[in-house]
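J.: Give the three-dimensional model of this entry:
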Amino acid sequence: MEVRQYAENALTIYMGDDIDEEVNRRLVELKKKIESLDIAGLGEIVISYTSLIIYFDIFKTDAGTIEGKLRDINTDALLEGGFEYRVVEIPVCYGGEYGPDIENFEENGLSADEVIDMHSGKEYLVYMLGFMPGFPYLGGLDEKLHKARLETPRVRIPAGSVGIGGKQTGMYPFESPGGWNLLGRTPVPLYDPGRAEPILYQAGDRIVYRAIDEGEYEDIKAEIEAGRYEVKIESGSDG
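T.: Just a heads-up that it's a prediction; the model follows:
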């Protein structure tokens, strides 16, 4: 564990150099451990690929106090026992107006149906959230689906769009410019301040995309508007 201070009200903790599942687990467990210490003035803790940032109120605590608490944490024991996470199912309508770039994967030797089969129905690890609230950077994408970002980014990408950028897949919670290859769209609001948890997932969780047709897309959208739809979230664990 390497600690650096780049801002008056924040500490950055590095837990490795490689983007991999074990580093992600260590960061997730370290965040839980820090939150359990009940440090006065502790603010948001943000996980990235290989580090986390601890924000704090400088009028209630200071970097030295937090570093002292961190030294008491046995990082070697972070992965002892099982690792618990959530599996969040996201329904996606692939292709057509929802996924205009799916045909481009013919360059990869794949038909649209093959892209859908390969992209849906498997668990993707949420490495981090970034770019905008609720935008997940997901690991576990099949190498055959790797595709460079568009040479000319779009000015407007609809909220709920699911895409691929390089070696990763992810989805846009809000309408936004962007250069990812769009495969489909979900009717589920990915960020909703009216929910108990505005964002449905966090670093360390898993996301599974379930392929749906346009009819089910509209049905789910109607259920959401009526306040009857519930996203399927299950518990998972390793170890």
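J.: ok, residue 5 to residue 46 distance?
T.: According to C-beta to C-beta, to the nearest Å, residue 5 stands 15 Å off from residue 46. C-beta: built from backbone N, CA, C; applies to glycine.
J.: Among these two, which residue is more densely surrounded?
T.: Taking neighbours as other C-beta atoms under 10 Å, residue 5 and residue 46 compare with residue 46 leading, 17 against 14.
J.: Alpha carbons of the host helix or strand of residue 137, as CSV, please.
T.: Assigned by DSSP states H and E, residue 137 falls within strand 136-139. In CSV, the C-alpha atoms belonging to strand 136-139 read as follows (Å, rounded to 0.1, in the frame of the first residue of the first chain):
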residue,chain,number,x,y,z
PRO,A,136,-19.1,1.6,-15.5
TYR,A,137,-15.8,0.4,-16.9
LEU,A,138,-16.2,-3.3,-17.3
GLY,A,139,-13.7,-6.1,-17.6
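J.: Could you identify the helix or strand that succeeds that strand?
T.: strand 154-157.
J.: Can you list the strands that that following strand pairs with?
T.: Strand pairing for strand 154-157, using DSSP bridges, gives strand 176-178 (antiparallel).
J.: any residues touching the partner strand, and which ones?
T.: The contact list for strand 176-178 (C-beta atoms under 8 Å, 6 or more residues apart in numbering) reads 132, 153, 154, 155, 156, 157, 159, 161, 163, 172.
J.: If we use 10 Å, what do you get?
T.: Contacts with strand 176-178, where a contact means C-beta atoms under 10 Å, 6 or more residues apart in numbering, come from 131-132, 135, 149-150, 153-159, 161, 163, 165, 170, 172.
J.: Pull out the buried residues from the residues you listed.
T.: Listed as buried from these are 135, 150, 154, 157, 159, 161, 163, 165, 170, 172; burial here means 16 or more other C-beta atoms under 10 Å.
J.: The residue nearest the centre of the chain and residue 207, how far apart?
T.: By C-alpha atoms, centre = their mean, the chain has its centre lying nearest to residue 136, at 2.6 Å. The gap separating residue 136 from residue 207 is 7 Å, by C-beta to C-beta.
J.: who touches both of these two?
T.: Common neighbours of residue 136 and residue 207 (C-beta under 10 Å, 6+ apart) are 88, 90, 124, 125, 126, 169, 170, 171, 200, 201.
J.: beta partners for the third one?
T.: With DSSP bridges as the criterion, the beta-bridge partners of residue 124 are residue 207.
J.: And it, how close does it get to residue 12?
T.: 26 Å.
J.: Which of the two has more residues huddled nearby?
T.: residue 124 (22 against 16).
J.: so who does the more buried one touch?
T.: 88, 90, 136-141, 168-170, 205-209.
J.: again, but for residue 86
T.: Counted by C-beta under 10 Å, 6+ apart, residue 86 has contacts 126, 200, 201, 202, 204, 205, 206, 207, 233, 234, 235, 236.
J.: Then residue 210?
T.: Per C-beta under 10 Å, 6+ apart, neighbours of residue 210: 89, 90, 91, 92, 120, 121, 186, 216, 232.
J.: repeat that for 6 Å
T.: Residue 210 is in contact with 89, 91, counting by C-beta atoms under 6 Å, 6 or more residues apart in numbering.
J.: what are the phi and psi values for residue 100?
T.: Main-chain torsions, residue 100, degrees, to the nearest 10: phi -70, psi -10.
J.: ok, and the closest non-adjacent residue to residue 112?
T.: residue 102 (4.9 Å; C-beta to C-beta, 6 or more residues apart in numbering).
J.: how many neighbours does residue 215 have?
T.: Residues near residue 215, counting by other C-beta under 10 Å: 9.
J.: mean confidence score for stretch 186-201?
T.: Mean pLDDT, stretch 186-201: 92.
J.: what's the first-to-last distance across it?
T.: Stretch 186-201 has an end-to-end distance of 15 Å (C-alpha to C-alpha, to the nearest Å).
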